[in-house]
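>>> Sequence and predicted structure below; questions after.
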Amino acid sequence: MQNDRAQGLTYEGRPFDRPGEELTDQGLRFDVGTLLSRRNLLRVLGLGATVATLAACGADATTSGTPSASSTAGEIPDETAGPYPGDGSNGPDVLEQSGIVRSDIRSSFGEASGTAEGVPLSIELDIKDLANDGAAFAGVAVYVWHCDRDGGYSLYSEGITEENYLRGVQIADDQGVVKFTSIFPACYTGRWPHIHFEVYPDQASITDSTKAIATSQVALPQDACNTVYATDGYSSSVTNLAQVSLADDNVFGDDDGASQLGTITGSISDGYAVTLEVGVDTTTTPTGGGVPSGSDGRPSGAPPSGMPSGGRVARRRAERPVPAPRVGTSNPRRQGPSNKRTALPVNLPLATQGRQ
């Protein structure tokens with residue numbers, strides 16, 4: 001009767017090698033086939049489990065090379081460009097000069113030949129496109145400028161009005177990064193040590209300051225400032241730094257510089273490197289470029305002389321279009337009342353114009 005049951009039987013789709021015997025008596029060849037078949041099944045099931053696990057974790061997984069939008073900092077606050085931008089919005093326009101696109105900004109270019117002395121500083125800005133899920137903002141043009149170790153601005157300050165050093169433009173690479181070689185700026189009266197920058201959609205746009213899609217500043221960490229200002233050439237910065245703080249600064253005071261404080265590494269002997277991730281949101285209306293609300297922008301102390309008259313400012317501002325409100329946008333950094341910027345007075349007397 002057992003043989004009758006075994007006739008024509010199969011196991012896992014394979015006919016018995018010994019039709020007259022029970023399953024357990026089908027011999028070594030049949031048993032090996034069964035084992036291999038089960039291993040293949042387990043392999044498939046194991047792969048499926050791995051895929052399921054990865055799928056479950058996918059929402060939180062990111063690669064180290066490409067930060068996700070969730071790891072990207074928020075939109076950089078719009079800030080004043082100060083009275084010495086050199087972008088044509090307040091007198092001189094270095095952005096129209098051939099040679100402005102350069103990475104080493106320590107020396108003047110064109111007909112000028114001066115070089116700014118000081119502790120070496122490399123500046124790296126990582127531009128993120130917040131309107132595109134925080135992707136690298138490749139191709140944007142970034143204009144950087146800052147004061148020298150004496151606190152003066154080229155093109156504006158007495159004795160260096162014919163120089164254009166510490167100003168330059170770089171085009172963001174495929175990773176959205178721009179890099180500049182410069183010197184550590186001074187701390188002048190009334191302001192925390194800082195670096196100005198403007199972001200433009202592309203290189204062709206830099207000749208018109210109204211096309212900037214972001215205007216902001218990098219705050220320099222205090223520890224590095226203390227170390228640098230103890231070296232030769234920065235003596236006045238020691239006293240000035242002791243009189244200011246990030247919390248009281250008329251630009252960084254909104255959040256104690258939390259969203260604009262650069263990360264810095266290096267030493268006096270090797271030079272320093274400061275980096276900052278800059279989130280730019282093109283779906284909101286830029287509001288930077290003027291003097292912060294609630295302040296006339298004038299710290300105490302004598303400003304640099306040589307400030308041009310305001311005729312060109314009036315022309316530029318008259319040409320600036322008034323952007324229409326964007327439906328459905330909400331961004332407290334650009335639209336909130338606490339960060340609203342007012343226009344720089346066109347005919348501000350020379351004796352009252354302060355450094356920004």
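That came through, no problem. Numbers count the residues shown, from 1 in each chain.
>>> Could you list the low-confidence segments of the stretch 51-200 of the chain?
Residues of the stretch 51-200 of the chain that meet the criterion pLDDT under 70 lie in 51-73.
>>> ranges for the strands of the protein?
Assigned by DSSP state E, the chain shows strands spanning 10-11, 14-15, 120-129, 135-136, 141-145, 167-171, 177-183, 194-200, 214-219, 263-267, 271-280, 291-292, 341-342.
>>> Show me the one of those strands that comes nearest Val101.
Closest approach to Val101 among these is made by strand 167-171 (4.8 Å; CB to CB). C-beta coordinates here come from the backbone N, C-alpha and C atoms, glycine included.
>>> Quick one: closest of the strands of the chain to Asn250.
With CB to CB, the closest approach to Asn250 among the strands of the chain belongs to strand 291-292: 5.3 Å.
>>> what about the closest residue in space to Thr282 that isn't next to it in sequence, how many neighbours?
Spatially, and ignoring its direct neighbours in sequence, Thr282 is nearest to Ala131 (4.8 Å; CB to CB, 6 or more residues apart in numbering). Residues lying near Ala131 (other CB atoms under 10 Å) number 14.
>>> residues in contact with Ala131?
If a contact means CB atoms under 8 Å, 6 or more residues apart in numbering, then Ala131 has Asp281, Thr282, Thr283 as its contacts.
>>> Kindly indicate which of the residues you listed lies nearest Asp255.
Lowest distance from Asp255 to the contacts of Ala131 (CB to CB) belongs to Asp281, with 17.1 Å.
>>> one step back: restricted to helices, list the contacts of Ala131.
Among these, no member falls in helices (criterion: DSSP state H).
>>> Please convert those residues to TSV, extending it with pLDDT and neighbour count.
Shown next, in TSV, are the contacts of Ala131 (pLDDT from 0 to 100; neighbours: other CB atoms under 10 Å):
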residue	pLDDT	neighbour count
Asp281	97	21
Thr282	95	16
Thr283	94	12
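>>> Sort out which one of these lies nearest Ser98 for me.
Using CB to CB, Thr282 comes nearest to Ser98 of the contacts of Ala131, at 28.2 Å.
>>> May I have the phi/psi pair for the closest one?
phi -80, psi 0 (degrees, to the nearest 10).
>>> Can you give me the distance of it to Val140?
Separation of Thr282 from Val140 (CB to CB, to the nearest Å) stands at 10 Å.
>>> Walk me through the domains of this protein.
2-57, 69-292+312-317+330-345 (automatic domain parsing).
>>> Most tightly packed of these?
Sort the domains of the chain by mean neighbour count, taking mean count of other CB atoms under 10 Å, and domain 69-292+312-317+330-345 sits at the top with a mean of 19.
>>> Ala273 versus the residue nearest to Val119 when sequence neighbours are not counted, what's the distance?
Closest residue in space to Val119, ignoring its immediate chain neighbours: Phe184 at 4.3 Å, by CB to CB, 6+ apart. The gap separating Phe184 from Ala273 is 11 Å, by CB to CB.
>>> re the thing from before, intersection of neighbour lists for Thr282 and Val140?
Counting by CB under 8 Å, 6+ apart, the common neighbours of Thr282 and Val140 are Ile213.
>>> quick one on the thing from earlier: any residues in contact with both of Phe184 and Ala273?
With CB under 8 Å, 6+ apart as the test, Phe184 and Ala273 both reach Leu121.
>>> Now do stretch 229-248: everything it contacts.
Under CB under 8 Å, 6+ apart, the answer for stretch 229-248 is 117-119, 149-151, 184, 186-193, 219, 222, 225-226, 228, 252-253, 256-257, 261, 268.
>>> Apart from its chain neighbours, what residue comes closest to Val274?
In space, and not counting its chain neighbours, Val274 is closest to Gly262: 4.0 Å by CB to CB, 6+ apart.
>>> Against Gly176, how distant is that neighbour?
Between Gly262 and Gly176 the distance is 16 Å, computed by CB to CB.
>>> what's the answer for Tyr229, then?
Distance from Tyr229 to Gly176, by CB to CB: 32 Å.
>>> likewise Asn164?
26 Å.
>>> And for Glu162?
35 Å.
>>> and what of Gly152?
From Gly152 to Gly176 the distance is 32 Å (CB to CB).
>>> again with Asp93
Distance, Asp93 to Gly176, using CB to CB: 26 Å.
>>> cool, Ala214 as well?
Counting by CB to CB - Ala214 and Gly176 are separated by 13 Å.
>>> try Gly151
31 Å.
>>> Pro85 now?
Separation of Pro85 from Gly176 (CB to CB) stands at 23 Å.
>>> ok, what's across the strand from the spatially closest residue to Ser113 that is not a sequence neighbour?
Leaving aside its sequence neighbours, Ser113 sits nearest to Ser107 (CB to CB, 6+ apart; 7.5 Å). When bridges are called by DSSP bridges, Ser107 pairs up with Thr115.
>>> For Ser107, which residues are in contact?
Ser113, Gly114, Thr115, Ala116, Tyr165.
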